[in-house]
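1. The amino acid sequence is not available; the structure is as follows:
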């Protein structure tokens, strides 16, 4: 297996002993590890693109693990994060879930638990990557709609009946039928349910979405 085919995993922790141990464990498991001492160092690095997983310590200098994830989202960078901490509790778990963190790894942990968390994060990364490709396809299709057709689409995905949509828009049922047909053709949709899923897809941040394909 070549280096380029192995998943890149970034490790952020200010403890050199922990970084060294995790780096070796990742290498032994077939991953390509890159280590950083802080969130700031990670953001200043130029070799983090393509990472499938980030292992981030909760208590780090400068910014903690949750603040790190918030900054990732603010920068529109969506890489699955596993939060590592010796101070896990229910409150932290709830905050981590709301932030989109895929797992919380509590120290001390077993080697099996460690590999499970990293493996799951890498699988999530693949799903997010697929969704990003789908998101671009749907965005390109949406861009072909006229403003009127986009309005019709948004009315359709609300589950309104044709008569109500026509009344809301001030158009005849026949004109509405023409717009509906154009929307379905341009979006390459089979059902209104397709349109609803895709509308959600383009509006939902990757770290909070389910897998929704066109």
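-> Alright, I've got the coordinates. Remember, it's a predicted structure, so these values are computed and weren't measured experimentally.
2. ranges for the helices of this structure?
-> Counting by DSSP state H, the chain has helices at residues 16-28, 39-44, 65-74, 90-99, 111-142, 147-156, 162-169, 173-187, 192-203.
3. which stretch in the ones you listed has the least confidence?
-> Mean pLDDT is lowest for helix 90-99 out of the helices of the chain, coming in at a mean of 76.
4. Let me see the residues that make contact with that helix.
-> The contact list for helix 90-99, computed with Cβ atoms under 8 Å, 6 or more residues apart in numbering, reads 58, 66, 69-70, 73, 83, 85, 104, 207. (Each C-beta comes from the backbone N, C-alpha and C, glycine too.)
5. got CSV for those residues, with neighbour count and distance to residue 154 too?
-> As requested, the contacts of helix 90-99 are arranged in CSV below (neighbours: other Cβ atoms under 10 Å; distance: Cβ to Cβ, whole Å):
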residue, neighbour count, distance to residue 154
58, 23, 41
66, 18, 34
69, 24, 31
70, 14, 30
73, 15, 26
83, 27, 37
85, 19, 42
104, 20, 38
207, 19, 25
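6. what's the closest of the helices of the chain to residue 5?
-> Ranking the helices of the chain by proximity to residue 5 (Cβ to Cβ) places helix 111-142 first, at 12.6 Å.
7. Could you tell me how far that closest one lies from the centre of the chain?
-> Mean C-alpha position of helix 111-142 versus that of the full chain (Cα atoms, centre = their mean, to the nearest Å) differs by 7 Å.
8. before we move on, back to that, among the helices of the chain, which comes closest to residue 6?
-> With Cβ to Cβ as the yardstick, what comes closest out of the helices of the chain is helix 16-28 (9.4 Å).
9. Okay, buried residues for stretch 80-95 please.
-> Residues 80-85, 88, 92-93, 95 are the ones in stretch 80-95 that count as buried (16 or more other Cβ atoms under 10 Å).
10. Can you give me the separation between the closest residue in space to residue 141 that isn't next to it in sequence and residue 198?
-> Spatial nearest neighbour of residue 141, excluding adjacent residues (Cβ to Cβ, 6 or more residues apart in numbering): residue 187 at 5.1 Å. Using Cβ to Cβ, to the nearest Å, residue 187 is found at 7 Å from residue 198.
11. Residue 55 is in contact with residue 8, correct?
-> No. The pair residue 8 and residue 55 fails to qualify as a contact (Cβ atoms under 8 Å) at a distance of 11.8 Å.
12. In terms of neighbours, single out the busier of these two.
-> When residue 8 and residue 55 are compared for neighbours, residue 55 comes out ahead with 26 against 22, by other Cβ atoms under 10 Å.
13. How about the more buried one: what's its closest non-neighbour residue?
-> residue 11 (4.7 Å).
14. With neighbour numbers in mind, choose between residue 187 and residue 198.
-> More crowded of residue 187 and residue 198, by other Cβ under 10 Å: residue 198, with 25 against 20.
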